[in-house]
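# model the structure of this input:
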Amino acid sequence: MAALPQLDEDKMKLVQDLEIEMMSDMYNRMTSACHRKCIAPKYTEAELGKGESICLDRCIAKYLDVHERIGKKLTQISMQEAKIAEQPKTS
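As a prediction, this is how the structure comes out:
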């Protein structure tokens, strides 16, 4: 019976590692996409301009909003699939 708590800890560690990896990937993609969209390839000033800052704020807000919506939809789909899998099969 001592192995069961270890298994739960291992699963939790895996879930945590996957969450970190997913958030890191999302951050990197968001940074790259918003940088390409909002900041000119040739820098003319050391600081961000007002237009660049506004563009980045909006881009990041949209990116995070879409990421949250997709996460909710995927959770909803997985919960529906789990309910279907739990139902007894009739022949």
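# show me which positions of the helix or strand containing Ala82 end up buried.
According to DSSP states H and E, Ala82 maps onto helix 50-86. By 16 or more other CB atoms under 10 Å, the buried positions in helix 50-86 come out as Cys55, Leu56, Cys59, Ile60, Tyr63. From N, CA and C alone the C-beta is placed, and that goes for glycine too.
# JSON lines for these, including distance to Gly71 and pLDDT?
Shown next, in JSON lines, are the buried residues of helix 50-86 (distance: CB to CB, whole Å; pLDDT from 0 to 100):
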{"residue": "Cys55", "distance to Gly71": "24", "pLDDT": "97"}
{"residue": "Leu56", "distance to Gly71": "22", "pLDDT": "97"}
{"residue": "Cys59", "distance to Gly71": "19", "pLDDT": "97"}
{"residue": "Ile60", "distance to Gly71": "16", "pLDDT": "96"}
{"residue": "Tyr63", "distance to Gly71": "13", "pLDDT": "93"}
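# mind putting those residues into JSON lines with distance to Gln87?
Supplementary listing: those in JSON lines, determined by distance: CB to CB, whole Å:
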{"residue": "Cys55", "distance to Gln87": "49"}
{"residue": "Leu56", "distance to Gln87": "47"}
{"residue": "Cys59", "distance to Gln87": "43"}
{"residue": "Ile60", "distance to Gln87": "41"}
{"residue": "Tyr63", "distance to Gln87": "37"}
